[in-house]
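A.B. asks: Dropping the sequence and predicted coords here.
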Amino acid sequence: MKDLFDLTGRIALVTGASRGIGESIARLLASRGAHVIVSSRKIDACQAVADSIVTDGGKASAFPCHVGEMAQIEAIFAHIKSEFGQINILVNNAAANPYYGHILDTDLAAFEKTVDVNIRGYFFMSTAAGKMMREQGGGVILNTASVNGVVAGDKQGIYSITKAAVISMTKAFAKECGPLNIRVNALLPGLTDTKFASALTTNDKVLNMALRAIPLGRVAHPDEMAGTVLYLVSDASSYTTGACVIVDGGMLT
C-alpha cells in the first residue's frame, strides 16, 4: 500500500522555521523525505536547524527571507527556481506580533509591521509559489493562521485581525487555485509553548485564565502542530483544500 505521508523528492519551503512551530514542521517534513528549505530572517539560526536535520539523516538547506520585504521574497524564489527548479510545498509560518496591549493604543509602526508580514507577506509568498506550481502542474500551500482569527485574542487586536485575513486568504486561494491542482489549507494553532507566545505563557494570570478555557488543560507543544501540517501537505489530504484545521486542545469547542 502506498505511504500517503511519503514526501520523498518534494521541495518544501518553511518560513519562520528557525524555532517553534516552524522548526517542528521543518523537521517532520524532512523526516518524511522532503528536502526542506529552512527560512527565517536570520541565516545563522536557519543554518543551525538545517544542519541538525542533515545530521539526523534528512535533506535540508537554509536561505534567509524576511517575508515583510518584497525584495527578499523575490530573492528566495529566484534561488529556489535556480537551485531546485520546482517547489512542491510552501508553508507560510513566519509571523509578526510586535504589540500586546489595548487595541486603541496600537501605533502605526506596530500596525504596519503586523500587516506587512502576516497579510502582505503571506499573499505574495503564495503568489510566487503558486506561479511556479502552476507551471509544474500543482503543489500545496499551507498557511499558519490562529484561533485568534476566529475569536479575537484579548490585547492582540491587530494580530487577530491579520490572522482572520489569513483564513479568508486561504479560502480565496483555494477557490481560484484548485483548478490548477494547487491545494491551499490553513492550520489554526491554539496556545502553544513558543517564544512567540511568551507574552501569554510567561504571565501566570493570563496563562491560568487561558488554561481554564482549554478542555485538555495544558499548553500545546510545537510538535503537536506539525502532524496536522504533514497531513495537509501530503497525499493523505489529496481531496482537501480550503480547510482551516483548528488544533487548540478544544478551546473553541
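C.D. replies: Sure thing, it's come through.

A.B. asks: outside of the strand or helix carrying residue 54, which residues touch it?
C.D. replies: Element membership of residue 54 [criterion: DSSP states H and E] is helix 43-55. The set of residues external to helix 43-55 that reach it, using CB atoms under 8 Å, 6 or more residues apart in numbering, is 17-19, 23, 26-27, 30, 36, 38-40, 59-64. For the C-beta atoms, the positions are set from N, CA and C on the backbone; glycine is no exception.

A.B. asks: quick one: low-confidence parts of this protein?
C.D. replies: Residue ranges of the chain with pLDDT under 70: 196-201.

A.B. asks: Repeat the analysis, applying 90 as the threshold.
C.D. replies: Judged by pLDDT under 90, the chain has its weakly predicted residues at 1, 193-211.

A.B. asks: could you pull out the strands for it?
C.D. replies: Taking DSSP state E as the test, the strands found in the chain are 11-15, 35-39, 59-62, 89-92, 139-144, 182-189, 244-247.

A.B. asks: Need the CA coordinates for the longest one. CSV is fine.
C.D. replies: Spelled out, that is strand 182-189. Taking Å, rounded to 0.1, in the frame of the first residue of the first chain, the C-alpha atoms of strand 182-189 are listed here in CSV:
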residue,chain,number,x,y,z
ILE,A,182,-2.9,23.7,-6.2
ARG,A,183,-4.3,22.9,-2.8
VAL,A,184,-4.4,25.6,-0.1
ASN,A,185,-5.2,24.9,3.6
ALA,A,186,-4.6,26.5,7.0
LEU,A,187,-3.5,25.4,10.4
LEU,A,188,-5.2,27.3,13.3
PRO,A,189,-3.0,26.7,16.4
